[in-house]
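J.: Build me a model:
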Amino acid sequence: MKTDQIDVLVIGAGVIGLACARALAQAGLEVVIAERETLFGTGVSSRSSEVIHAGLYNTPGSLKSRLCVRGGRLLVDYCASRGIEHRLCGKLLVATRTADIPALQSLAARARDNGVQGLQWLTRQQATALEPELECEAALLSPASGIVDSHGLMGALLADAQAAGALLAVTSGMASARREGDGWRVATRSAGLDGEFELQARWIINSAGLDAQAVAAAMEGFPASAIPQRHLAKGNYFSLGGRSPFSRLIYPMPVDGGLGVHLTLDLAGQARFGPDVQWLNDERSAQLPGAELDYAVDASRAAAFAREIRRYWPRLADESLTPAYSGIRPKLSGAGAASVDFRIDGPAQHGCQGVVQLFGIESPGLTAAMAIAEEVAAIVGAGPALVVDQP
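T.: Take a look at the predicted model:
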């Protein structure tokens, strides 16, 4: 049995874990990233819309709001400096009925409170001048919204972390952890190339995504009362055959648990729609790391997708939607409940030394990743307190 002593063990090699590992390694700490799968970035991070969010929706002052706005600026600057494919193509948030206009005006005011810049209110005529296929009564244009190559981003974050000395251990999910001395003794779940091993780490960063609650529960002595309930929301995507009729992202008004069936673009200009919100029963899998989840997209959901899409694109042709992929979000609130903020819990929140728990890191987690890493580094003592960009 091999035992190494390190400063920080990061659990999970998605975009959040990689961003944290990069920030901590560049601060001079010895970092190991433990990933249960055979590759990095194969979980939640690989099943998103790849959207760069400007920060339109979140409650002003919340972690989601602050970290999305700052993270978006950090992300765009980082992509530009590293040559990572991205495009600020803009987003139109649309009111498809006159009755939706007050809610759209409220979202515009919230976005401004969040510090989102460059917003433009568009009449029906102005919106259709930009996007002739669009049907709406009014729209809010967000020029700071866009798309990014999430896998290119994760590859760059990992390369930076490794250049600063971090190590990635794949097929190495956490089996257990217990306090020992001034740190944690952590045992891996599965054998890697060098066999099973243990690590002695001063800090654990739990960025395990869907498995965050299960990882926290495997930490001996960590208070169960500090582990929030997990609610799983599956989001299905359908691709559009043929050329996209839009050059910008098109979003309807938000719905319970999500942002509505919206149109997003990939970097090649192809269009896809989604995600919808399909709540899953989580009773069986909440405390089982790596529990099997069904990612298949039911083709029969296309009819419901088409109804929603035709609210803002009436000319959607029949039989033009093809099942694409799905993702599952680790939400902290269930169906019908108000959205819950990100949880970035350090010792000041849960009272357990040497661990930062990241719970409920869903959308806009990709956008916020580098700002989340700043927050984590500040808790560990490897960086300054988070500088919040003011409106």
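
J.: which intervals of the chain have sub-threshold pLDDT?
T.: 1-3, 190-196, 257, 282-291, 383-391 (pLDDT under 70).

J.: quick one: stretch 175-185 to chain centroid distance?
T.: Averaging C-alpha positions (C-alpha atoms, centre = their mean, to the nearest Å) puts stretch 175-185 28 Å from its chain's average.

J.: Then stretch 101-121?
T.: Per C-alpha atoms, centre = their mean, the displacement of stretch 101-121 from the mean C-alpha position of its chain is 22 Å.

J.: So S326 is in contact with R47, correct?
T.: Yes. Between S326 and R47 there is a contact under C-beta atoms under 8 Å: 6.7 Å. The C-beta positions use only the backbone N, C-alpha and C, and glycine is treated the same way.

J.: Which residues are in contact with each of those two?
T.: Common contact partners of S326 and R47 (C-beta atoms under 8 Å, 6 or more residues apart in numbering): Y295.

J.: My reading is that R73 is in a helix; is that accurate?
T.: Yes. With DSSP: H, G, I helix; E, B strand; the rest coil as the criterion, R73 is located in a helix.

J.: What's the local residue count around it?
T.: 19 (other C-beta atoms under 10 Å).

J.: For P330, see how far away it is.
T.: 25 Å (C-beta to C-beta, to the nearest Å).

J.: same deal with L93?
T.: L93 sits 25 Å away from P330 when distances are taken as C-beta to C-beta.

J.: With V380 instead?
T.: In terms of C-beta to C-beta, V380 sits 22 Å off from P330.

J.: L316 now?
T.: 31 Å.

J.: same deal with R202?
T.: 26 Å.

J.: Same drill for those two, tell me which one is more crowded.
T.: Ranked by neighbour count (other C-beta under 10 Å), R202 and P330 place P330 first, with 23 against 18.

J.: wait, that one sits on S207?
T.: No. Assessed by C-beta under 8 Å, P330 is found out of contact with S207, at 11.1 Å.

J.: host element of M253?
T.: Taking DSSP states H and E as the definition, one finds M253 inside no helix or strand.

J.: residues near the spatially closest residue to it that is not a sequence neighbour, how many?
T.: Among residues not flanking M253 along the chain, D100 sits closest, at 5.3 Å (C-beta to C-beta, 6 or more residues apart in numbering). Using other C-beta under 10 Å, the number of residues around D100 comes to 17.

J.: in the protein, which spans are helices?
T.: Assigned by DSSP state H, the chain shows helices spanning 15-26, 63-82, 101-113, 124-130, 150-163, 212-217, 302-309, 347-350, 365-380.

J.: Out of these, which is the most enclosed?
T.: Here the criterion is mean neighbour count by mean count of other C-beta atoms under 10 Å, and of the helices of the chain the winner is helix 15-26, at a mean of 29.

J.: how close does the nearest residue to R343 once chain neighbours are set aside get to N114?
T.: Leaving aside its sequence neighbours, R343 sits nearest to F359 (C-beta to C-beta, 6+ apart; 3.8 Å). Here F359 is placed at a distance of 22 Å from N114 (C-beta to C-beta).

J.: got the domain boundaries for this protein?
T.: 2-47+151-227+340-380, 89-144+230-331 (automatic domain parsing).

J.: Can you say which of these is nearest to G55?
T.: domain 89-144+230-331 (4.6 Å; C-beta to C-beta).

J.: how far does that closest one sit from the chain's center?
T.: With C-alpha atoms, centre = their mean, you get 16 Å for domain 89-144+230-331.

J.: what's the span of it, first residue to last?
T.: 28 Å (C-alpha to C-alpha, to the nearest Å).

J.: just to revisit the earlier point, put together a markdown table for the domains of the chain, with distance to S62 on each row.
T.: Listed next are those as a markdown table, based on distance: least, C-beta to C-beta, whole Å:
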| stretch | distance to S62 |
| --- | --- |
| domain 2-47+151-227+340-380 | 5 |
| domain 89-144+230-331 | 9 |
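
J.: Determine which of these approaches G61 most closely.
T.: Across the domains of the chain, closest to G61 is domain 89-144+230-331 (C-beta to C-beta), at 8.5 Å.

J.: show me the contacts for L240.
T.: Here L240 is in contact with 270-273, 320-322 (C-beta under 8 Å, 6+ apart).

J.: Kindly indicate which of those lies nearest R185.
T.: R272 (44.8 Å).

J.: how close does that closest one sit to A23?
T.: 31 Å.

J.: swap in G146?
T.: G146 is 23 Å from A23, by C-beta to C-beta.

J.: Please apply the same query to P314.
T.: 47 Å.
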